[in-house]
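Visitor: Fold the following for me, if possible:
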Amino acid sequence: MMMKSALPFDLEEKILACVPKKSRAQWQTTCKRWYTLLQDLLAKKHLAQAGREFILLLNDSVYSTVINLQGVHNNADQMMEFGGKLGSLKDSNDLKIHDIFCCNGLILCTMVGRKMLVVCNPSNGETRYIEPRTCYRTSDSYALGYEGSKSSCINNYKILRYCRYYNSQLTCMVSELELYEFKSDSWRVLNVDNNDWESQDLDISARGVSVKGNTYWVAKKDDDHFFQLILSFDFTTERLGLLPLPYESDGPDDIMTDEYDDTAVLSVVRDEQLSVLHQYLHRYSLEMKIWMSNKIETGEVSWGEFLVVNLGDFMFGKVVNIVSFVLDEENKRAVCCRIGKNDCKEECASISIIGENIHRDVYGQKIRYGLWPHLLNYVPSPIHILKKSTPKGKRKRKTRRLVKYIKLSFFLSFSLF
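Guide: The predicted model follows:
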């Protein structure tokens, strides 16, 4: 009599994946379920060998994913595979991610519903819980970076908090900058010269990226010319800097619709170069241009054109709003994550591989309004994150449980992928 397995399918899969290769031939004579599972595991193994690993923020969860970049040419059926998930345990509903920032294999997470930051290393399961100095808003911008070229020691890492808001007493926009140091386990206020920031009237308009330990954002100057540029922060000198973008910003006379902004999206290439993707969405343009830096420092940048694609050639037929991307340098393609609406007017996220005369959709999913997805390159890091001392009393017990939960969740979900 055939007996039904009492184990959940995903747990059974993880256990059988550890069976030695020489013993797997017996599976097909044991039961059809195991034989089917063998075929699925082999397909995943092939995808992992042919693909590249990414980190994906989708809705309020973070996933490890593999995308088969070579499958565009051989018409592979399986182009994308989801692996581990941050918070994959039973009480994962308590762990909701608002946004992520990646630097040298470490991930900085801002949380939904919790006034805290979490820095984690998915490759070894280590995490660090960080409380804000004064206040915590999901609208604040956070960045992770390191001092000098010593990226292998967590003591050299810092977190930048940036907040810009209207001060009713001063009747003007003001900026707040704070810096957290892992070495001292403390925050401090960063005094910025007015000429560096306030006089520029700059607002960050796109997510930041880390290159060689420093952070870069697309920023917008609210004047009559809608001027855009790159705002940088050097974690060694603790100074802000301004860099030019490789395209000219439009003025108010060029705007055909207020539905979209004239802005760019940044990405990082091998932690050495900065990449910019730009579309004139406010002109209803379907052209997508990508540049890659030839040289990048906090005070200097030079650009080279990487890819120009008319998305109308792929029968999109409407504006394609790309919110994040990564480059496939070898094949001169981009893996783009875009948002839009389906036929039912629901918010959706899609991931596509796009190149010259090449387009392949690899994933699509409904998303909650206002939660933009984020696709990032991921390279495992050997860095060990120092554990901070815990406060006393009730907060001590609560924090310990939370840190233990997050650490176990990361280690199980990513290591089993």
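Visitor: For stretch 331-342, the averaged confidence score.
Guide: Averaging pLDDT along stretch 331-342 yields 89.
Visitor: per-residue pLDDT, the closest residue to Glu126 other than its chain neighbours?
Guide: Closest residue to Glu126 apart from its sequence neighbours, by CB to CB, 6 or more residues apart in numbering: Ile385 at 4.4 Å. For every residue, glycine as well, the C-beta is placed using N, CA and C. Looking at Ile385, its pLDDT reads 86.
Visitor: Could you verify that Ile385 is part of a helix?
Guide: No - counting by DSSP: H, G, I helix; E, B strand; the rest coil, Ile385 falls outside a helix, being coil.
Visitor: Distance check, it against Lys183.
Guide: 12 Å (CB to CB, to the nearest Å).
Visitor: So the two - more neighbours on which side?
Guide: Ile385 (19 against 13; other CB atoms under 10 Å).
Visitor: Check the contact between that one and Ile154; I expect there is one.
Guide: Yes - contact criterion CB atoms under 8 Å: Ile385 and Ile154 qualify, at 5.3 Å.
Visitor: what residues are shared contacts of the two?
Guide: With contacts taken as CB atoms under 8 Å, 6 or more residues apart in numbering, Ile385 and Ile154 have Phe182 as neighbours in common.
Visitor: which residues sit in contact with the nearest residue to Glu131 once chain neighbours are set aside?
Guide: Leaving aside its sequence neighbours, Glu131 sits nearest to Met116 (CB to CB, 6+ apart; 6.0 Å). Going by CB under 8 Å, 6+ apart, Met116 touches 129-132, 136.
Visitor: from those residues, which two are the most distant?
Guide: By the measure CB to CB, Tyr129 and Tyr136 form the most distant pair in the contacts of Met116, at 12.9 Å.
Visitor: Look up how far Ile351 lies from Leu190.
Guide: 36 Å.
Visitor: Over to Ser275?
Guide: Note on Ser275: its distance to Ile351, by CB to CB, is 17 Å.
Visitor: Likewise for Cys109?
Guide: Distance check for Cys109 against Ile351: by CB to CB, it reads 21 Å.
Visitor: helices and strands of this structure: which one bottoms out on pLDDT?
Guide: One helix or strand of the chain scores below all others by mean pLDDT, DSSP states H and E: helix 394-415, with a mean of 47.
Visitor: What ranges does the stretch 51-200 of the chain have for its strands?
Guide: 52-58, 61-67, 80-85, 97-103, 106-111, 117-121, 126-130, 141-146, 157-167, 172-181, 186-189 (DSSP state E, counting those that start in this stretch).
Visitor: right, so of those strands, which gets closest to Glu238?
Guide: Of all those, the one in closest proximity to Glu238, counting by CB to CB, is strand 172-181 (6.7 Å).
Visitor: So for that closest one, what gets flagged as buried?
Guide: Buried residues in strand 172-181, counting neighbours by 16 or more other CB atoms under 10 Å, are found at 175, 177-180.
Visitor: same thing with stretch 339-352?
Guide: Applying 16+ other CB under 10 Å to stretch 339-352 flags 339, 348-352 as buried.
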